[in-house]
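[1] Sharing a model that was predicted from the sequence below.
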Amino acid sequence: MAVTMLDIARGLNVSVVTVSKVLRNKGKISLATRNRVLRRAKKLNYQTNWIARSLVTRRTFTIGLLLPDFTHPFFAEIAKAVAETVRPHGYHVIISYFEENPQLEKNEAESLLARQVDGLILASAQSGANAFEQILKRKVPLVLIDRPIAGVQASFVGVDNQAIGQLATTHLIERGCQRIAHLRGPGIGIATMRMEGYRRALIKHALTVCPRHVLEAGYQDQTGHEAMRRLLQTRPVPDGVFCYNDPVAIGAMRAISEAGLRVPEDIAVVGAGNVHYSDCLAVPLTTVDQGTFEIGKLAADLLLQRNRFKERTASAEGLDRTQTGHTAIDGTFEFGARVSFFRG
């Protein structure tokens, strides 16, 4: 038979309510009583009955996290930040992914909703607000990350993608590049905004926007490698490349090296994301830091706040807006971009 809170209470001569408060880390319970309950629960190998708890609280204590890709380091760090933020509050995270497929995204979202998750964090590939009708109709708390969708009544946490494009391209211009190419991302809004930032930086500095120097490169290192190989066939060969993200930039650097050219001496490369391995390469990657862990943590904090399970933590309420460079309007948090690893 499964051990119950009543079993723990009987052994300690305390009430079931007291045991419940200790196990949920709630209420004003003396440290001595708390320790006694926890020791007794461990000795009896007590396991929380989540089904029973859900019936009483009408909550499943699960958060749905829906991402385009499991393996991309940006989304992996997002997942880590979300899990670490919600875990101390008794939540578990169910992670699903949809391979940049909007229909698969809808199917996976429906599956998470069917599991009655208490909230959903989503980096969406949808092109419009209609796809979110069912989520909003069910009144499931929703936080969009990385990719804003116009017309969706939900909190959003992400970066100013146009600023990323401008910052990266301006950095290449400042180091002397004159023929700057762009390996753009897939057909989603943030890729368009980063390309617009690239275009504006060139125009601002009276440089030519050459259509031959803008190639679609997806979002992975292999697609970046293939796009860079094509780019190297153009004439004149660019002397600088702004890449949609760090994996694309790493693939581009590999193609440049295979062609017998040097980074940054022959072709300078800038990525975006500041993934963990970008400073572990033979030639460290210059990249734009978009505060990945902060995005995941703040998205989770917003979701917890929406569910009224905790007050906003000091780290969410008291973020130094000067240092992090983000603004907040009606639950929308937009982080400023910063270039790190000035090495090329």
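    In hand now; what should we look at?
[2] now do the same end-to-end measure for stretch 257-266.
    Stretch 257-266 has its terminal residues 10 Å apart, counting by C-alpha to C-alpha, to the nearest Å.
[3] buried sites along it?
    Residues 263-264 are the ones in stretch 257-266 that count as buried (16 or more other C-beta atoms under 10 Å). Any C-beta I mention is one placed from the backbone N, CA and C, and that applies to glycine too.
[4] Contacts for that stretch, please.
    For stretch 257-266, contacts defined as C-beta atoms under 8 Å, 6 or more residues apart in numbering pick out 175, 229, 232, 239, 253, 256, 267, 269, 283, 286, 343-344.
[5] Which ones among these map onto strands?
    Judged by DSSP state E, the contacts of stretch 257-266 include 269, 286 as members of strands.
[6] Just the strands from the stretch 51-200 of the chain, written as ranges.
    62-67, 92-97, 120-122, 142-145, 155-159, 180-184 (DSSP state E, counting those that start in this stretch).
[7] now the ones you listed as CSV including distance to residue 3 and mean neighbour count?
    Output for the strands of the stretch 51-200 of the chain, formatted as CSV (distance: least, C-beta to C-beta, whole Å; neighbours: other C-beta atoms under 10 Å):
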stretch, distance to residue 3, mean neighbour count
strand 62-67, 23, 25
strand 92-97, 20, 17
strand 120-122, 33, 27
strand 142-145, 36, 24
strand 155-159, 39, 24
strand 180-184, 57, 27
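[8] any idea which of those strands scores lowest on pLDDT?
    Mean pLDDT values for the strands of the stretch 51-200 of the chain show the minimum at strand 155-159, a mean of 90.
[9] what's that one packed up against?
    strand 142-145, helix 292-306, strand 332-335 (3 or more C-beta pairs under 8 Å, 6 or more residues apart in numbering; DSSP states H and E).
[10] Only the buried residues of stretch 213-231, if you could.
    Buried, per 16+ other C-beta under 10 Å, within stretch 213-231: 213-215, 217-221, 223-229, 231.
[11] could I get stretch 281-296 in PDB with only the CA atoms?
    C-alpha atoms of stretch 281-296 as PDB (Å, rounded to 0.1, in the frame of the first residue of the first chain):
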ATOM      1  CA  LEU A 281      36.400  26.900 -31.000                       C
ATOM      2  CA  ALA A 282      39.800  27.000 -32.500                       C
ATOM      3  CA  VAL A 283      38.900  30.500 -33.600                       C
ATOM      4  CA  PRO A 284      36.500  31.900 -31.000                       C
ATOM      5  CA  LEU A 285      33.300  33.200 -32.500                       C
ATOM      6  CA  THR A 286      32.200  36.800 -32.200                       C
ATOM      7  CA  THR A 287      28.600  36.700 -31.200                       C
ATOM      8  CA  VAL A 288      25.700  38.800 -30.000                       C
ATOM      9  CA  ASP A 289      24.600  37.900 -26.500                       C
ATOM     10  CA  GLN A 290      20.800  37.800 -26.200                       C
ATOM     11  CA  GLY A 291      20.500  36.800 -22.600                       C
ATOM     12  CA  THR A 292      19.200  33.200 -23.200                       C
ATOM     13  CA  PHE A 293      19.000  32.100 -19.600                       C
ATOM     14  CA  GLU A 294      17.400  35.300 -18.600                       C
ATOM     15  CA  ILE A 295      14.700  34.800 -21.200                       C
ATOM     16  CA  GLY A 296      13.800  31.300 -19.900                       C
END
